[in-house]
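**Student:** here is a sequence together with a model predicted from it:
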Amino acid sequence: MLDTTPLLGQYLTISRLLAGQLDFSSAIHAVAQEISHIIPHDHMDVCITTPDGLFHTAYESGFETDWGRRPPAPLDGSPIRSLLFGEVDMLLTDDACADPRFHFEGAFDGPILEAGLKSRLHVPLKVRGDIIGVFSCSSLQAGLYSAADVEKARAIADLLAPYFFALRAAEQAKRSAIVEAEARAREEGLRQGALKLTEALEAERQRIGMDLHDQTLADLTRLARRMEQLTRQPDVAGEALEPLFRGLQHCMQDLREIIETARPTVLQLFGFAQAVENHLDRSTRDSGLAIHWELIEDSPGAIDALDQPVATALFRIAQEAINNAIRHAHADRITVRLRRTSRALIIEVRDNGVGIPPAAKRSGAGIDNMRTRARLISARFEIMRNRDNRGSTVQVSLPLAAPETVA
């Protein structure tokens, strides 16, 4: 009768050696010597399948072959595919170099022949009845292994399987985390790049506004004054010049509006709330319509503490929302509310106009511009019909960093 006491001690040693190993290769090398006392071998490997069961990777001990050097390979090219597919419950051979089970069209059997592997035994690694890989021992000596060695290999495989299953799950989770982190990094890189581009465009926009004010508008003003003087001279047809003079004044007014839009000096000098109030007052007055507006400031200057590009982006969104309410919604009441919660800064532009058809929520240059600006500063943009079905509300929520706690 076979004394199993020494084997039990060796199996316990294998379990102890596995503890604390964080990857497949280190786990294989940690237990290889102890396994050699149970099953003598010149080469040992464990191949682990991917969770989808389409590929496998070999981890080797003893000496390295091309099995361990190549990346995850398809199962159908493995010399032991019949075991990986569950078609057999073990493989045992006295001479793998000559055994046709290991050599078939498309088989990656080069390492068997190059290393001269003779005796080989293979048993599956199973977890809850599913094959997650194969445990293999090989020798350069022919006819070394017997059915008794297969039973020992099964016992070892039962020890290895749950540990390697956990390693595979951890590795898969790590890869998923890396892929997700890389995707977030790429998205953040694109966002930061777009934000810097927006900053550069904003700076150029302001430079153009100043140039228009200092040069073009000044030239037009002088020209308007000269034309006005000509209309007063008796030898000049004032009636012919009068339409030109009025047209020039309209052009100058339009140019002033462009300059004011391109150069948000009120925002820079007096802060966000004052800039919004100024835009509300000027835009409603210039519209020639009877529009009542209200600004509710419940954020006590919090927006002014933000970085200038972020504050400018929020102002541009509010500016566009107000313009849309005046030009397209035909509203006679506009309310802008600035508020701060423990988690976010929120800007709401509410009107009582015609509202927004559902299809318009996803299109339109003005809406797309607001949505893009919000995305660039990692803010949430929403546009919705009011509950009473009168008008709509544009809402932008900028998340705030959680305050640090003092230990």
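**Tutor:** Now that the structure is in, tell me what you want to look at.
**Student:** please, which helix or strand holds Ser397?
**Tutor:** Secondary-structure assignment from DSSP states H and E places Ser397 in strand 392-399.
**Student:** what strands line up against that strand, and which way round?
**Tutor:** strand 344-351 (antiparallel), strand 380-385 (antiparallel) (DSSP bridges).
**Student:** chain neighbours aside, what residue packs nearest to Pro72?
**Tutor:** Phe55 (4.0 Å; C-beta to C-beta, 6 or more residues apart in numbering). The way it works is simple: take the backbone N, C-alpha and C, and place the C-beta from them, glycine included.
**Student:** kindly report the same for Gln268.
**Tutor:** Gln308 (7.7 Å).
**Student:** could you do Leu18 as well?
**Tutor:** Here the residue nearest Leu18, using C-beta to C-beta, 6+ apart, is Tyr163, at 5.0 Å.
**Student:** list the residues that contact Pro40.
**Tutor:** Counting by C-beta atoms under 8 Å, 6 or more residues apart in numbering, Pro40 touches 139, 144.
**Student:** tell me the SS of it?
**Tutor:** Following DSSP: H, G, I helix; E, B strand; the rest coil, Pro40 is assigned to coil.
**Student:** number of nearby residues for the residue nearest to Leu18?
**Tutor:** Counted with other C-beta atoms under 10 Å, the neighbours of Tyr163 add up to 18.
**Student:** so what's the residue count around the residue nearest to Gln268?
**Tutor:** Neighbour number of Gln308 under other C-beta under 10 Å is 12.
**Student:** domain ranges for the chain?
**Tutor:** 5-181, 269-407 (automatic domain parsing).
**Student:** show me how far the longest one is from its chain's centre.
**Tutor:** Read it as domain 5-181. Computed by C-alpha atoms, centre = their mean, to the nearest Å, the chain-centroid distance of domain 5-181 equals 37 Å.
**Student:** got any ranges where this structure has weak pLDDT?
**Tutor:** By pLDDT under 70, the weakly predicted segments of the chain are 1-5, 190-191, 193-195, 197-219, 222-223, 226-227, 230-247, 250-266, 357-365, 402-407.
**Student:** which parts of it are helices?
**Tutor:** 5-18, 24-38, 66-69, 81-84, 110-115, 147-211, 217-231, 238-262, 265-270, 272-287, 308-327, 365-376 (DSSP state H).
**Student:** any chance of CSV for these, columns distance to Met90?
**Tutor:** CSV is the format used below for the helices of the chain (distance: least, C-beta to C-beta, whole Å):
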stretch, distance to Met90
helix 5-18, 19
helix 24-38, 16
helix 66-69, 19
helix 81-84, 7
helix 110-115, 17
helix 147-211, 6
helix 217-231, 90
helix 238-262, 78
helix 265-270, 77
helix 272-287, 74
helix 308-327, 65
helix 365-376, 57
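**Student:** wait, which of those is closest to Asn389?
**Tutor:** For Asn389, the closest of the helices of the chain is helix 308-327, at 16.0 Å, according to C-beta to C-beta.
**Student:** can you list the buried residues in that closest one?
**Tutor:** Buried residues in helix 308-327, defined by neighbour count with 16 or more other C-beta atoms under 10 Å: 309-326.
**Student:** about what we covered before: tell me the most buried of the strands paired with strand 392-399?
**Tutor:** strand 344-351 (a mean of 22; mean count of other C-beta atoms under 10 Å).
**Student:** now that strand - C-alpha only, CSV.
**Tutor:** Backbone C-alpha positions of strand 344-351 (Å, rounded to 0.1, in the frame of the first residue of the first chain) are rendered in CSV as follows:
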residue,chain,number,x,y,z
ALA,A,344,-21.3,71.9,-7.9
LEU,A,345,-21.7,75.4,-9.3
ILE,A,346,-24.9,75.7,-11.3
ILE,A,347,-26.0,78.2,-13.9
GLU,A,348,-29.6,78.2,-15.0
VAL,A,349,-31.1,80.4,-17.8
ARG,A,350,-34.9,80.1,-17.8
ASP,A,351,-37.3,81.7,-20.2
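**Student:** contacts for it, please.
**Tutor:** Here strand 344-351 has contacts from 299, 302-303, 306, 314, 317-318, 321-322, 325, 329, 331, 333-340, 386, 391-400, using C-beta under 8 Å, 6+ apart.
**Student:** if we go to 7 Å?
**Tutor:** Applying C-beta atoms under 7 Å, 6 or more residues apart in numbering, the contact partners of strand 344-351 are 299, 302-303, 314, 318, 321-322, 325, 329, 331, 333-339, 386, 391-400.
**Student:** out of those residues, which are buried?
**Tutor:** 299, 302-303, 314, 318, 321-322, 325, 329, 331, 334-338, 391-398.
**Student:** report how many residues lie close to the closest residue in space to Phe315 that isn't next to it in sequence.
**Tutor:** Spatial nearest neighbour of Phe315, chain neighbours left out: Leu267 (5.2 Å); criterion: C-beta to C-beta, 6+ apart. If you count neighbours by other C-beta under 10 Å, Leu267 ends up with 24.
**Student:** show me what contacts Ser299?
**Tutor:** Per C-beta under 7 Å, 6+ apart, neighbours of Ser299: 338-340, 345.
**Student:** now swap in Arg128 and tell me
**Tutor:** So Arg128 contacts nothing (C-beta under 7 Å, 6+ apart).
**Student:** roughly how far does the closest residue to Ala374 other than its chain neighbours sit from Leu121?
**Tutor:** In space, and not counting its chain neighbours, Ala374 is closest to Phe381: 3.7 Å by C-beta to C-beta, 6+ apart. According to C-beta to C-beta, to the nearest Å, Phe381 and Leu121 sit 63 Å apart.
**Student:** Ile38 too?
**Tutor:** 12 Å.
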